[in-house]
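**Student:** generate a structure from the sequence data that follows.
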Amino acid sequence: MSKIGYISVSTEHQETARQQEIMGSYQVDRIFSEKLSGANKDRPQLKAMLD
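**Tutor:** Numbers count the residues shown, from 1 in each chain. Model prediction:
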């Protein structure tokens, strides 16, 4: 079974590098990532991951 991860930050200016590093330490096979405000309920990458 493959491992799937989800990375999310609140603004375009924030970096995901630290979260990606953590995912690598868990040997995650596929990562979905988004840079969206927490107020935004439309999260295409989260939906794709869950599908």
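**Student:** next secondary structure element downstream of the helix or strand hosting Arg18?
**Tutor:** Using DSSP states H and E, Arg18 maps to helix 17-25. Downstream of helix 17-25, the first helix or strand assigned by DSSP H and E is strand 30-35.
**Student:** quick one: average pLDDT of the helix or strand just after that next one?
**Tutor:** Next helix or strand after strand 30-35 toward the C-terminus (DSSP H and E): helix 44-50. For helix 44-50, the mean per-residue pLDDT is 93.
**Student:** check stretch 6-26 too.
**Tutor:** Computed over stretch 6-26, the average pLDDT equals 93.
**Student:** list the contacts of the residue nearest in space to the middle of the chain.
**Tutor:** Geometric centre of the chain, nearest residue: Ile7, 1.9 Å, by C-alpha atoms, centre = their mean. Listed by C-beta atoms under 8 Å, 6 or more residues apart in numbering, the contact set of Ile7 reads Thr16, Gln19, Gln20, Met23, Ile31, Phe32, Ser33, Glu34. For every residue, glycine as well, the C-beta is placed using N, CA and C.
**Student:** ok, now Gln14?
**Tutor:** Gln14 is in contact with Lys35, counting by C-beta under 8 Å, 6+ apart.
**Student:** again with Ala39
**Tutor:** Contacts for Ala39 (C-beta under 8 Å, 6+ apart) come out as none.
**Student:** who does whatever helix or strand the residue nearest to the centre of the chain lives in pair up with?
**Tutor:** Element membership for Ile7 (DSSP H and E) is strand 4-9. When pairs are called by DSSP bridges, strand 4-9 turns out to pair with strand 30-35 (parallel).
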